[in-house]
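A.B. asks: predicted model, plus sequence, below.
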Amino acid sequence: MNALALTDDIARHFGRARESYEQAARLQRLVAAKALSLLTPTAGLLLDLGSGPGWFHPKLKQHCSELIALDLSHDMLQKTRAAQQAVLVVQADAQSLPVASESIDKVFSSLMLQWCEQPGLVLQEINRVLKPSGSAVISTLLEGTLQEFKQAWSQVDQHQHINQFLPLGFYQQLERQYPHLGLQLQTETVQLEYQDVLALARELKDLGANTVTQGRNNALTGKQRWQKVQQAYPSRCIDGQISASYQVLYLTLTKQHSES
Ligand SMILES: C[S@@+](CC[C@H](N)C(=O)[O-])C[C@H]1O[C@@H](n2cnc3c(N)ncnc32)[C@H](O)[C@@H]1O
């Protein structure tokens, strides 16, 4: 699938999930709260990249004087508009921001970056739009996320059912390569419990996080195959539930003053 078709697919899946998203957003709540604690509490103009339905905007509004919401998905932005927290709601790709250079005080972006083909480009774009001394907090998912689900599927077929997430080393390399971004990295492992593998798959679908970006699988997933995945799932809790791991990266970026 080419990059444009993939972007459309991601936007469509998230758009379909606009009504179910907030209810399913367990990981998103934990991660956004932690990311917010890393955000400098000053006034100014804040840009929320990949804002989803805007459920987090009342909290973000306490950290800025004005808020701009930006997302790929038109449908998600309809929800954001209805919440009436953002002064501006923009449908765009975070890899190419339709925003003037040095016009934004702070950028917040929770769990969007892993959907972008070129995360390095997103960080460069964030740096471009920030005013000197402006800062950004970004959370994303790393390799190792949903590894139990991936392992279980690998016992059943050779298709790709779970997205590939970048390793921490990718961001450590960016930190060295672009010292002007003033990047700082923090990692956290979050474990969530599910009744069974179907409940896990349903939650991903309700979030709209069910686009497989590489080597997508068009095979049908019938009842028997799900039973096999359930049997092969490596991590069980005492109460019979399954546990899924999410490897979360929090990035902070501080725009440096230019030399001249
Ligand atoms: C998992 S949701 C996170 C939403 C919200 N930030 C939260 O924490 O609940 C990811 C959002 O990023 C958006 N998104 C994905 N790729 C994007 C891109 N390249 N540019 C802008 N938004 C994007 C999706 O449409 C979706 O609304």
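C.D. replies: Perfect, I can see it now.
A.B. asks: for the rest of this, base every contact and every neighbour count on C-alpha atoms.
C.D. replies: Will do.
A.B. asks: assign L47 to helix, strand or coil.
C.D. replies: Three-state call for L47 (DSSP: H, G, I helix; E, B strand; the rest coil): strand.
A.B. asks: L70 is in contact with that one, correct?
C.D. replies: Yes - because the distance of 7.3 Å satisfies Cα atoms under 8 Å, L47 is recorded as touching L70.
A.B. asks: which regions of this protein sit below the pLDDT cut-off?
C.D. replies: Within the chain, the segments meeting pLDDT under 70 span 1, 213-221, 258-260.
A.B. asks: before we move on, the earlier item: need the residues touching each of L47 and L70.
C.D. replies: Counting by Cα atoms under 8 Å, 6 or more residues apart in numbering, L47 and L70 have no shared contacts at all.
A.B. asks: now do the strands in the protein.
C.D. replies: 45-49, 66-71, 88-91, 104-110, 130-141, 184-194, 242-254 (DSSP state E).
A.B. asks: dump those strands to CSV, plus mean neighbour count and distance to L39.
C.D. replies: What follows is the strands of the chain, written out as CSV (neighbours: other Cα atoms under 10 Å; distance: least, Cα to Cα, whole Å):
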stretch, mean neighbour count, distance to L39
strand 45-49, 25, 11
strand 66-71, 23, 14
strand 88-91, 18, 21
strand 104-110, 24, 8
strand 130-141, 23, 6
strand 184-194, 14, 13
strand 242-254, 21, 8
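A.B. asks: turn the ones you listed into CSV, columns for distance to H161.
C.D. replies: As requested, these are exported to CSV (distance: least, Cα to Cα, whole Å):
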stretch, distance to H161
strand 45-49, 26
strand 66-71, 25
strand 88-91, 28
strand 104-110, 23
strand 130-141, 16
strand 184-194, 18
strand 242-254, 15
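A.B. asks: so which of these is nearest L166?
C.D. replies: The closest of the strands of the chain to L166 is strand 130-141. By Cα to Cα, the value is 7.8 Å.
A.B. asks: would you put the C-alpha positions of the closest one in PDB?
C.D. replies: Extracted in PDB, the C-alpha atoms of strand 130-141 (Å, rounded to 0.1, in the frame of the first residue of the first chain):
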ATOM      1  CA  LEU A 130       7.700  26.200  18.100                       C
ATOM      2  CA  LYS A 131       8.800  29.600  19.200                       C
ATOM      3  CA  PRO A 132      12.400  29.800  20.600                       C
ATOM      4  CA  SER A 133      12.400  28.200  24.100                       C
ATOM      5  CA  GLY A 134       9.000  26.600  23.300                       C
ATOM      6  CA  SER A 135       8.600  23.000  24.300                       C
ATOM      7  CA  ALA A 136       6.800  19.800  23.300                       C
ATOM      8  CA  VAL A 137       5.800  16.600  25.100                       C
ATOM      9  CA  ILE A 138       5.100  13.600  22.800                       C
ATOM     10  CA  SER A 139       4.200  10.100  23.800                       C
ATOM     11  CA  THR A 140       4.500   7.100  21.500                       C
ATOM     12  CA  LEU A 141       4.700   3.300  21.500                       C
END
